[in-house]
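**Q** Output the structure for:
(one chain, ligands or ions: 2)
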Amino acid sequence: MEKTKLILDCDPGHDDAVAILLAANAPALELLGVTVTAGNQTLDNTSRNACNVLSWLGKGEIPVYAGCDRPLVRDKMIAADIHGSTGLDGPVFPPRTKFPEKGHAAQFLIKTLMASAGDVTVVTTGPMTNLGLALRLEPRIAEKIRQIVLMGGSYTNGNVTPAAEFNIIADPEAAHICFSCGRPVVMMGLDVTRKVLCTPDVVARMAKVNNRASRLFVDLMGHFCRTQKEVFGWEGGPLHDPVTIAWLLRPELVQLKGMNVSIDLSHGPSYGRTNCDYFGYLGLPETARVAVDIDAGGFWDLVEAGLRSYGED
Ligand code: BDR
Ligand code: CA
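**A** Ligands and ions are numbered 1, 2, ... in the order given. The predicted structure follows:
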């Protein structure tokens, strides 16, 4: 079976950490590298977190590249209310042994994509700053990107403003560059990621796996689910970012609908909104396939299998 090659660009972040966990050990995927941006926390925090998660999982050989420490245009925003002062509050890691490689994440994206046969998927689970910058630095990478699969946006409600979701409003200009680069875009927005709530029964189920990966999952969800309840009132944390990896592994889990999607760059109340023409009012070409439904039971089966794949301690 040919593996799907991917680069995971992220801002760990509790749900990013679970996306890394699933991507790093899936036999069907070849994780070429993890690129990191500022987002849920500062770049120092998010890049340390990516390194710690990979080390904890015994995946220290997967390279991490630190990228942009701020958005392309707007002021920096972080999500400390959800992810805490470290960006990954909850788990306690041993003293650090892994550090980012030399070189900027955007340069790693450019080098890897230009050397590829056009078969590399770029998954983004944070602000799209690194990929947006890479596309501006070397526009020829566009034709080399097999597809962009992102967690971000919403065709219903936002989670930072009524209109906008965090990953898009944290760098709307970068999202615009990525959405308009001409390559296939698959958007996993809040509309579906809010259907995979990590409720206490899910945490209890994953705890029974009882290996390194599941203990990390349980520690992550302890913090994440508490803050999601405080901020949004959910009974469980929406496991946003791993939906991207779940779709790569089992596309039948997520129902997609082609739409024209544009990013609101107006600096008004809808700044950072993904304007998704669900009903095709505008008669404009489809620019993205947007997730509209998910098989939540199948998703949790996949997460459990991902945890089990790390074997016994
Ligand atoms: C997204 O924002 C971040 O806080 C999460 O990691 C996820 O990528 C959800 O809006
Ligand atoms: Ca994220």
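**Q** Spell out which parts of the stretch 201-313 of the chain neighbour ligand 1.
**A** With Cβ under 6 Å from any ligand atom as the criterion, the stretch 201-313 of the chain meets ligand 1 at residues 240-241. (C-beta placed from N, C-alpha, C; glycine too.)
**Q** Which parts of the stretch 201-313 of the chain are strands?
**A** 237-238, 254-259, 261-263, 274-276, 288-294 (DSSP state E, counting those that start in this stretch).
**Q** Packing partners of the longest one?
**A** Spelled out, that is strand 288-294. If you count contacts as 3 or more Cβ pairs under 8 Å, 6 or more residues apart in numbering; DSSP states H and E, strand 288-294 packs onto strand 185-188, helix 190-193, helix 242-249, strand 254-259.
**Q** May I have the third one exported as CSV, CA atoms only?
**A** What follows is the C-alpha trace of helix 242-249 in CSV, where atoms were taken according to Å, rounded to 0.1, in the frame of the first residue of the first chain:
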residue,chain,number,x,y,z
PRO,A,242,-7.5,15.2,14.6
VAL,A,243,-10.5,15.3,12.2
THR,A,244,-8.0,16.2,9.5
ILE,A,245,-6.0,13.0,10.1
ALA,A,246,-9.1,10.9,10.6
TRP,A,247,-10.3,12.0,7.1
LEU,A,248,-6.9,11.1,5.5
LEU,A,249,-7.1,7.6,7.1
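**Q** how far is that helix from where the chain is centred?
**A** 10 Å (Cα atoms, centre = their mean, to the nearest Å).
**Q** now the angle between strand 288-294 and that helix, please.
**A** Counting by axes from the mean of the first three to the mean of the last three Cα atoms, to 10 degrees, helix 242-249 points 100 degrees away from the direction of strand 288-294.
**Q** Quick check: residues of this structure near ligand 2?
**A** 11, 13, 16, 125-126, 241 (Cβ under 5 Å from the ion).
**Q** Go again with 6 Å.
**A** 10-11, 13, 15-16, 40, 125-126, 241 (Cβ under 6 Å from the ion).
**Q** Kindly reformat the helices and strands packed on strand 288-294 as a markdown table containing distance to residue 208 and mean pLDDT.
**A** Formatted as a markdown table, the helices and strands packed on strand 288-294 follow (distance: least, Cβ to Cβ, whole Å; pLDDT from 0 to 100):
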| stretch | distance to residue 208 | mean pLDDT |
| --- | --- | --- |
| strand 185-188 | 27 | 98 |
| helix 190-193 | 24 | 98 |
| helix 242-249 | 19 | 98 |
| strand 254-259 | 26 | 98 |
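**Q** start to end distance for stretch 273-288?
**A** Length of stretch 273-288, first residue to last, Cα to Cα, to the nearest Å: 15 Å.
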